[in-house]
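A.B. asks: Got a predicted structure plus its sequence, pasted below:
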Amino acid sequence: MAKVYVFDHPLIQHKLTYIRDKATGTKEFRELVDEVATLMAFEITRDMPLEETEIDTPVSRTKSKILAGKKMGIIPILRAGIGMVDGILKLIPAAKVGHIGLYRDPETLKPIEYYVKLPSDVEERDFIVVDPMLATGGSAVEAINSLKKRGGKHIKFMCLVAAPEGVKALQEAHPDVDIYIAALDEKLNDHGYIVPGLGDAGDRLFGTK
Ligand code: PRP
Ligand code: URA
């Protein structure tokens, strides 16, 4: 069964409060999502493999650690996932970025795929699929189906706010995909919005309605 990690670092929780606040405008919302994505990327990369190298400090020769050079890929679920990409790239600048475009049908809440573009060496990379919201879980499940269908194997899912319903759906559909979140909220409302949540992540990021 996939594990769920809640990143309750004080800086993440502090910034998330302002992200949730409806008084926070588009510019600040975007900046905060970017900052939280960087902080979450720091936590999610804890298990990156290292290898030993030898260097000369000004004082002596020594063995020291560097990243083993595992190839990484970041896959934002369009649109709102885009808001988290630059923040992650600050820490993993060599990662390639693929895109999976999905929107939720407002009536059925089912995801509809409209765009997929992935790195060509998909089978060799470790992927982080990102989206600020995990609500019913339909979009995340479908995006990961799409990535696996094209050869993706080592996948993590990262989001800001998750509903218990979405976590359950993702765990059931993809027991091999660990889930990294900043907050586990209470529930979904009748329109499939996370409560208390932060509203429509895409609209708040891009200033649309
Ligand atoms: C939002 C959000 C997720 C999805 C989550 O996207 O960014 O992708 O809903 O809901 P789910 O877990 O119930 O699938 P939306 O469909 O509003 O598209 P957008 O990012 O283009 O605004
Ligand atoms: N998508 C959003 O942007 N917000 C929600 O609360 C649920 C789905």
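C.D. replies: That came through, no problem. Ligands and ions are numbered 1, 2, ... in the order given.

A.B. asks: where's residue 6 relative to residue 106, distance?
C.D. replies: Distance of residue 6 to residue 106, given as CB to CB, to the nearest Å: 29 Å. Quick note: C-beta positions are derived from backbone N, CA and C, even for glycine.

A.B. asks: ok, these two, which is more surrounded?
C.D. replies: Between residue 6 and residue 106, counting by other CB atoms under 10 Å, residue 6 is the more crowded of the two (13 against 8).

A.B. asks: And that one, what's its pLDDT?
C.D. replies: pLDDT, residue 6: 97.

A.B. asks: Return the set of buried residues in the lowest-mean-pLDDT helix or strand in the chain.
C.D. replies: Every helix and strand of the chain was ranked by mean pLDDT, DSSP states H and E. The lowest is strand 99-104, at a mean of 93. By neighbour count on 16 or more other CB atoms under 10 Å, the buried set for strand 99-104 is 99-102, 104.

A.B. asks: With stretch 133-151 instead?
C.D. replies: 133-148.

A.B. asks: Select from those residues every entry located in strands.
C.D. replies: Taking DSSP state E, the ones among the buried residues of stretch 133-151 that sit in strands are 133-134.

A.B. asks: Give me the contact list for the helix ranked longest in the chain.
C.D. replies: Criterion DSSP state H: the longest helix present in the chain is helix 26-44. By CB atoms under 8 Å, 6 or more residues apart in numbering, the residues outside helix 26-44 that reach it are 5, 7, 9, 11-12, 15-16, 18-19, 24, 83-88, 90-92, 128, 130, 132, 156, 158, 160, 180, 182, 204-207.

A.B. asks: Extract the CA atoms of that helix and return them as CSV.
C.D. replies: Output of helix 26-44 as CSV, limited to C-alpha atoms (Å, rounded to 0.1, in the frame of the first residue of the first chain):
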residue,chain,number,x,y,z
THR,A,26,-3.2,36.1,-7.6
LYS,A,27,0.4,37.4,-7.4
GLU,A,28,0.9,36.5,-3.8
PHE,A,29,-0.9,33.1,-4.3
ARG,A,30,1.5,32.2,-7.2
GLU,A,31,4.6,33.2,-5.2
LEU,A,32,3.5,31.2,-2.1
VAL,A,33,2.7,28.1,-4.2
ASP,A,34,6.1,28.4,-5.8
GLU,A,35,7.8,28.7,-2.3
VAL,A,36,5.9,25.8,-0.8
ALA,A,37,6.7,23.6,-3.9
THR,A,38,10.4,24.3,-3.2
LEU,A,39,10.1,23.4,0.5
MET,A,40,8.2,20.2,-0.4
ALA,A,41,10.8,19.3,-3.1
PHE,A,42,13.5,19.5,-0.3
GLU,A,43,11.6,17.0,1.7
ILE,A,44,10.6,14.7,-1.2
